[in-house]
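> Just to be clear, the model below is a prediction. Sequence and coordinates:
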Amino acid sequence: MPAIDQLVSGFKVFKARYYEHRPELYQNLRTEGQSPEVMVVACSDSRVDPAILLGSEPGELFVIRNVANLIPPYQPDGKLHGTSAALEFGIRDLKVKHLIVLGHSGCGGIQALRRCCTGDPLREREFIGPWVSLGMRACEIVPSDPDGSKTEQAAIEISLENIATFPWVADGIAKGTLTVHGWWFDLQKGALWGYDAKTKAFAKMV
Ligand SMILES: [Zn+2]
């Protein structure tokens, strides 16, 4: 089936599930609005859709996706900060209780980041190099990394540090109303790893 037709038929399945068999879910989401407790910052990679990976229902996850699931530092300079705008809405308006930075193995964005670290500015592209360079410090933490997994995990740690530079995030963490998590999905093995702030290391969760 052509890709677009497959999507239209996928929507029919979704419609039957949520508008015919279980109409109350969307009725509530429509009348009450959304109130997700969890925000996920995930990679744009087609293999790592958080709602599919985490078995979530509509209304449960507020999702930001970008190249390499990076969070920039707090920079209120009036420029175009899409990720920071979504963070602001999720944390200040929706008041999510958890924020998960979800990285993954085999990340092309992190491979691009490693190229930037070796002095390749990715001139053949206009936006990817400057974006992934947000995580360049990961290459100092992990000088050599043939399969990229340690850099992917270090970049998650950097994003967790960056998120804490947003004053309303730091405030939520200090008050205990917001908890941040770093997760890494190993798509080769089908495993989920979590960052432990005490040991400063990732440990296998599932
Ligand atoms: Zn990725």
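Everything's here; your move. Values in this document were obtained by computation on a predicted structure and should not be read as measured data.

> Tell me the helix or strand right after the top helix by length along the chain.
Across the chain, the longest stretch assigned as helix under DSSP state H is helix 149-163. Following helix 149-163 in sequence order, the next helix or strand is helix 167-175 (DSSP states H and E).

> quick one: contacts of that next one?
Tyr74, Leu87, Glu88, Ile91, Arg92, Leu99, Ile163, Ala164, Leu178, Thr179, Val180 (C-beta atoms under 8 Å, 6 or more residues apart in numbering). The C-beta positions use only the backbone N, C-alpha and C, and glycine is treated the same way.

> Just to check, the last one is in contact with Ser159?
No. Contact between Val180 and Ser159 fails when scored by C-beta atoms under 8 Å: they sit 9.2 Å apart.

> of the two, who's got more company?
Between Val180 and Ser159, counting by other C-beta atoms under 10 Å, Ser159 is the more crowded of the two (26 against 20).

> Which residue comes closest to that one once chain neighbours are left out?
Leaving aside its sequence neighbours, Ser159 sits nearest to Ile71 (C-beta to C-beta, 6 or more residues apart in numbering; 3.9 Å).

> what about Ala174, neighbour count?
So Ala174, with other C-beta under 10 Å, has 10 neighbours.

> all strands of the chain, in order?
For the chain, applying DSSP state E gives strands covering 38-43, 61-66, 98-104, 179-186, 191-196, 201-204.

> how far is the fourth one from where the chain is centred?
In this case it means strand 179-186. Relative to its parent chain, strand 179-186 has a centroid offset of 9 Å by C-alpha atoms, centre = their mean, to the nearest Å.

> Go ahead and confirm Phe202 touches Ala191.
No. Assessed by C-beta under 8 Å, Phe202 is found out of contact with Ala191, at 10.6 Å.

> So which of those two has more stuff around it?
Using other C-beta under 10 Å as the criterion, Phe202 and Ala191 rank with Phe202 on top: 22 against 13.

> Show me the beta-bridge partners of that one.
Tyr195 (DSSP bridges).

> Look up how far the ion lies from it.
Going from Phe202 to the ion by C-beta to the ion, to the nearest Å gives 16 Å.

> The ion contacts on the protein?
Proximity of the chain to the ion, by C-beta under 5 Å from the ion, involves residues Cys43, Asp45, Cys107, Gly109.

> Specify which member of the residues you listed is nearest to Glu60.
Cys43 (19.4 Å; C-beta to C-beta).

> Tell me how many other residues crowd the closest one.
If we define neighbours as other C-beta under 10 Å, then Cys43 has 25 of them.

> quick revisit: so which of the residues of the chain next to the ion belong to helices?
Per DSSP H, the residues of the chain next to the ion map to helices at Gly109.

> May I see the residues of the chain next to the ion organised as JSON lines, with pLDDT added?
Below are the residues of the chain next to the ion laid out as JSON lines (pLDDT from 0 to 100):
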{"residue": "Cys43", "pLDDT": "98"}
{"residue": "Asp45", "pLDDT": "98"}
{"residue": "Cys107", "pLDDT": "98"}
{"residue": "Gly109", "pLDDT": "97"}
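
> Cheers, nothing more for now.
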